[in-house]
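Student: after the sequence you'll find the predicted model.
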Amino acid sequence: MRNAVLGALALIALPSTANAAAFMNGGFETGPAIGAQGFTTLANGSTAITGWTVTGDSIDYVGSYWQAGEGSRSIDLSGTGPGGIMQTFDTIAGVTYNVRFLLAGNPDGGPTTKVLSTVASGNLPQVNSFNINNTTRSNMGWTPFTYSFVAGASTTTLAFTSGTQTAFGPALDGVSVTAVPEPATWAMMLIGFGAVGASMRRKRVQGRAHA
(Lines give C-alpha, C1' and ligand atoms only; values in the text may rest on other atoms or scores of the structure.)
Protein backbone atom coordinates (compact mmCIF):
# COMPACT_ATOMS: atom_id res chain seq x y z
CA MET A 1 0.00 0.00 0.00
CA ARG A 2 2.89 2.34 0.77
CA ASN A 3 4.13 1.90 -2.81
CA ALA A 4 0.66 2.64 -4.18
CA VAL A 5 0.47 5.89 -2.20
CA LEU A 6 3.94 6.91 -3.38
CA GLY A 7 2.87 6.18 -6.95
CA ALA A 8 -0.21 8.31 -6.50
CA LEU A 9 1.86 11.20 -5.19
CA ALA A 10 4.11 10.84 -8.22
CA LEU A 11 1.08 11.18 -10.48
CA ILE A 12 0.25 14.47 -8.79
CA ALA A 13 3.78 15.72 -9.30
CA LEU A 14 4.19 14.75 -12.94
CA PRO A 15 1.86 17.29 -14.61
CA SER A 16 3.26 20.17 -12.56
CA THR A 17 6.74 19.58 -13.97
CA ALA A 18 5.57 20.23 -17.51
CA ASN A 19 3.22 23.19 -17.28
CA ALA A 20 5.09 24.94 -20.11
CA ALA A 21 3.72 22.33 -22.53
CA ALA A 22 0.25 21.85 -21.06
CA PHE A 23 -2.64 21.83 -23.52
CA MET A 24 -3.63 25.44 -24.23
CA ASN A 25 -5.93 27.81 -26.10
CA GLY A 26 -8.64 25.28 -26.93
CA GLY A 27 -11.09 28.11 -27.55
CA PHE A 28 -8.68 29.83 -29.97
CA GLU A 29 -9.17 33.13 -28.17
CA THR A 30 -5.44 34.01 -28.34
CA GLY A 31 -4.23 34.65 -31.86
CA PRO A 32 -3.54 37.22 -34.56
CA ALA A 33 -5.60 40.30 -35.33
CA ILE A 34 -8.61 39.66 -37.54
CA GLY A 35 -9.40 41.97 -40.41
CA ALA A 36 -12.58 43.85 -41.15
CA GLN A 37 -13.99 40.93 -43.15
CA GLY A 38 -14.31 38.94 -39.90
CA PHE A 39 -11.71 36.23 -40.59
CA THR A 40 -8.03 35.80 -41.44
CA THR A 41 -6.63 33.00 -43.61
CA LEU A 42 -3.53 31.27 -42.17
CA ALA A 43 -1.29 29.12 -44.37
CA ASN A 44 0.41 25.79 -43.71
CA GLY A 45 3.03 26.05 -40.96
CA SER A 46 1.57 29.14 -39.31
CA THR A 47 1.88 29.27 -35.51
CA ALA A 48 0.00 32.55 -35.16
CA ILE A 49 -2.76 30.94 -33.07
CA THR A 50 -1.16 30.36 -29.68
CA GLY A 51 -0.33 26.68 -29.11
CA TRP A 52 -1.39 25.51 -32.57
CA THR A 53 0.31 24.83 -35.91
CA VAL A 54 -1.59 24.98 -39.20
CA THR A 55 -1.41 21.88 -41.40
CA GLY A 56 -2.68 21.01 -44.87
CA ASP A 57 -3.54 23.82 -47.28
CA SER A 58 -4.75 26.56 -44.90
CA ILE A 59 -7.43 27.47 -42.36
CA ASP A 60 -9.58 30.50 -41.63
CA TYR A 61 -9.22 32.07 -38.18
CA VAL A 62 -12.76 33.36 -37.64
CA GLY A 63 -13.91 36.28 -35.50
CA SER A 64 -17.12 38.22 -36.06
CA TYR A 65 -17.81 36.55 -39.42
CA TRP A 66 -20.03 33.98 -37.72
CA GLN A 67 -21.29 32.91 -34.30
CA ALA A 68 -18.53 31.27 -32.26
CA GLY A 69 -19.20 28.08 -30.34
CA GLU A 70 -17.81 29.77 -27.23
CA GLY A 71 -16.02 33.06 -26.69
CA SER A 72 -15.48 35.11 -29.83
CA ARG A 73 -13.08 33.07 -32.02
CA SER A 74 -13.32 29.78 -33.90
CA ILE A 75 -11.74 27.94 -36.85
CA ASP A 76 -12.84 26.98 -40.36
CA LEU A 77 -10.56 24.03 -41.07
CA SER A 78 -10.74 24.71 -44.80
CA GLY A 79 -9.16 28.03 -45.76
CA THR A 80 -8.57 28.25 -49.50
CA GLY A 81 -8.52 24.44 -49.39
CA PRO A 82 -8.71 21.62 -46.82
CA GLY A 83 -6.37 22.24 -43.89
CA GLY A 84 -6.03 21.41 -40.23
CA ILE A 85 -4.41 22.29 -36.93
CA MET A 86 -2.28 20.35 -34.45
CA GLN A 87 -0.88 20.82 -30.96
CA THR A 88 1.68 18.81 -28.95
CA PHE A 89 1.27 18.79 -25.16
CA ASP A 90 2.29 16.85 -22.04
CA THR A 91 0.57 13.56 -21.21
CA ILE A 92 1.19 10.56 -18.95
CA ALA A 93 1.82 7.29 -20.79
CA GLY A 94 -0.97 4.77 -20.27
CA VAL A 95 -3.53 7.32 -19.12
CA THR A 96 -6.81 7.78 -21.04
CA TYR A 97 -7.79 11.29 -22.08
CA ASN A 98 -11.08 12.72 -23.31
CA VAL A 99 -11.00 15.43 -25.97
CA ARG A 100 -14.21 17.44 -26.06
CA PHE A 101 -14.92 19.86 -28.89
CA LEU A 102 -17.68 21.75 -30.67
CA LEU A 103 -18.30 21.07 -34.36
CA ALA A 104 -20.27 23.06 -36.93
CA GLY A 105 -19.78 23.84 -40.63
CA ASN A 106 -19.22 26.80 -42.90
CA PRO A 107 -22.74 27.54 -44.18
CA ASP A 108 -21.59 29.66 -47.15
CA GLY A 109 -21.09 26.76 -49.57
CA GLY A 110 -21.11 23.03 -50.19
CA PRO A 111 -20.91 20.24 -49.61
CA THR A 112 -23.84 20.04 -47.23
CA THR A 113 -22.03 17.53 -45.02
CA LYS A 114 -18.74 18.72 -43.55
CA VAL A 115 -16.24 16.08 -42.44
CA LEU A 116 -13.72 16.35 -39.59
CA SER A 117 -10.98 13.88 -38.64
CA THR A 118 -9.56 13.90 -35.10
CA VAL A 119 -6.48 11.88 -34.11
CA ALA A 120 -3.95 11.71 -31.28
CA SER A 121 -0.47 10.32 -31.98
CA GLY A 122 -0.34 6.54 -31.59
CA ASN A 123 -4.14 6.21 -31.73
CA LEU A 124 -6.76 5.59 -34.41
CA PRO A 125 -8.54 8.60 -35.94
CA GLN A 126 -12.17 9.43 -35.38
CA VAL A 127 -14.30 10.87 -38.20
CA ASN A 128 -17.31 13.08 -37.43
CA SER A 129 -19.65 14.91 -39.79
CA PHE A 130 -21.90 17.93 -39.57
CA ASN A 131 -24.86 18.81 -41.80
CA ILE A 132 -25.27 22.55 -42.47
CA ASN A 133 -28.95 22.36 -43.40
CA ASN A 134 -30.95 24.97 -41.45
CA THR A 135 -27.80 26.69 -40.17
CA THR A 136 -26.66 30.26 -40.79
CA ARG A 137 -23.71 32.40 -39.77
CA SER A 138 -25.78 33.75 -36.87
CA ASN A 139 -27.05 30.28 -35.91
CA MET A 140 -24.23 27.82 -36.54
CA GLY A 141 -25.75 24.87 -34.67
CA TRP A 142 -22.59 24.01 -32.75
CA THR A 143 -22.69 20.38 -31.61
CA PRO A 144 -20.49 18.74 -28.92
CA PHE A 145 -18.41 15.63 -29.65
CA THR A 146 -15.89 13.58 -27.65
CA TYR A 147 -12.79 11.73 -28.79
CA SER A 148 -10.87 9.44 -26.40
CA PHE A 149 -7.26 8.32 -26.64
CA VAL A 150 -4.64 6.54 -24.55
CA ALA A 151 -1.35 8.41 -24.29
CA GLY A 152 1.62 6.36 -25.41
CA ALA A 153 4.34 8.73 -24.26
CA SER A 154 5.09 11.82 -22.18
CA THR A 155 3.87 14.04 -25.02
CA THR A 156 0.97 13.62 -27.46
CA THR A 157 0.13 15.45 -30.68
CA LEU A 158 -3.57 16.11 -31.23
CA ALA A 159 -4.64 16.95 -34.78
CA PHE A 160 -7.90 18.11 -36.35
CA THR A 161 -8.12 17.86 -40.16
CA SER A 162 -10.74 18.89 -42.69
CA GLY A 163 -12.06 16.06 -44.81
CA THR A 164 -14.04 18.51 -46.93
CA GLN A 165 -12.38 19.22 -50.28
CA THR A 166 -13.62 22.78 -50.69
CA ALA A 167 -13.02 26.17 -49.09
CA PHE A 168 -16.17 25.72 -46.98
CA GLY A 169 -15.08 23.30 -44.31
CA PRO A 170 -15.90 21.99 -40.85
CA ALA A 171 -15.86 24.61 -38.10
CA LEU A 172 -14.16 23.91 -34.77
CA ASP A 173 -14.27 25.53 -31.32
CA GLY A 174 -14.22 24.77 -27.59
CA VAL A 175 -11.51 22.08 -27.51
CA SER A 176 -10.59 20.69 -24.08
CA VAL A 177 -8.41 17.74 -22.98
CA THR A 178 -9.01 15.96 -19.66
CA ALA A 179 -7.41 12.87 -18.11
CA VAL A 180 -9.87 10.09 -17.16
CA PRO A 181 -9.84 10.18 -14.25
CA GLU A 182 -7.56 13.12 -13.56
CA PRO A 183 -4.25 12.13 -11.90
CA ALA A 184 -5.17 14.01 -8.71
CA THR A 185 -8.40 11.99 -8.51
CA TRP A 186 -6.45 8.73 -8.78
CA ALA A 187 -4.13 9.96 -6.06
CA MET A 188 -6.96 10.80 -3.68
CA MET A 189 -8.59 7.42 -4.33
CA LEU A 190 -5.37 5.52 -3.60
CA ILE A 191 -4.63 7.58 -0.49
CA GLY A 192 -8.21 6.91 0.65
CA PHE A 193 -7.76 3.16 0.11
CA GLY A 194 -4.57 3.35 2.17
CA ALA A 195 -6.38 5.10 5.02
CA VAL A 196 -9.15 2.48 4.99
CA GLY A 197 -6.57 -0.32 5.03
CA ALA A 198 -4.72 1.25 7.96
CA SER A 199 -7.99 1.66 9.90
CA MET A 200 -8.92 -2.01 9.34
CA ARG A 201 -5.48 -3.13 10.54
CA ARG A 202 -5.84 -1.06 13.72
CA LYS A 203 -9.26 -2.62 14.41
CA ARG A 204 -7.85 -6.12 13.98
CA VAL A 205 -5.01 -5.35 16.40
CA GLN A 206 -7.43 -3.86 18.93
CA GLY A 207 -9.71 -6.90 18.59
CA ARG A 208 -6.85 -9.27 19.39
CA ALA A 209 -5.84 -7.15 22.38
CA HIS A 210 -9.35 -7.45 23.91
CA ALA A 211 -9.62 -11.16 23.23
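Tutor: Yep, that arrived.

Student: pull the distance from stretch 109-123 to the chain's centre.
Tutor: 14 Å (C-alpha atoms, centre = their mean, to the nearest Å).

Student: quick one: end-to-end length of it, please.
Tutor: 32 Å (C-alpha to C-alpha, to the nearest Å).

Student: you'd agree Thr155 is up against Gln87?
Tutor: No: the pair Thr155 / Gln87 is not scored as a contact, 10.4 Å apart, by C-beta atoms under 8 Å. C-beta: built from backbone N, CA, C; applies to glycine.

Student: more neighbours, the two?
Tutor: Gln87 (21 against 14; other C-beta atoms under 10 Å).

Student: what segments of this protein are helices?
Tutor: 2-16, 183-210 (DSSP state H).

Student: least reliable of those helices by average pLDDT, please.
Tutor: Of all those, the minimum mean pLDDT falls on helix 2-16 (a mean of 36).

Student: residues in contact with Thr143?
Tutor: Counting by C-beta atoms under 8 Å, 6 or more residues apart in numbering, Thr143 touches 102-104, 130.

Student: tell me which two of the residues you listed sit farthest apart.
Tutor: Greatest spatial distance among these (C-beta to C-beta): Leu102 and Phe130, at 10.1 Å.

Student: where's the spatially closest residue to Ala33 that is not a sequence neighbour relative to Asn25, distance?
Tutor: With sequence-adjacent residues excluded and distances taken as C-beta to C-beta, 6 or more residues apart in numbering, Ala33 is closest to Thr40, at 7.4 Å. Using C-beta to C-beta, to the nearest Å, Thr40 is found at 16 Å from Asn25.

Student: between those two, which one's more packed in?
Tutor: Thr40 (20 against 15).

Student: contacting residues around the more buried one?
Tutor: 32-34, 60-61, 63.

Student: how much space between the nearest residue in space to Thr88 that is not next to it in sequence and Asn25?
Tutor: Of all residues not flanking Thr88 in the chain, Thr157 sits nearest, at 4.5 Å (C-beta to C-beta, 6+ apart). Remark: distance between Thr157 and Asn25 (C-beta to C-beta) = 15 Å.
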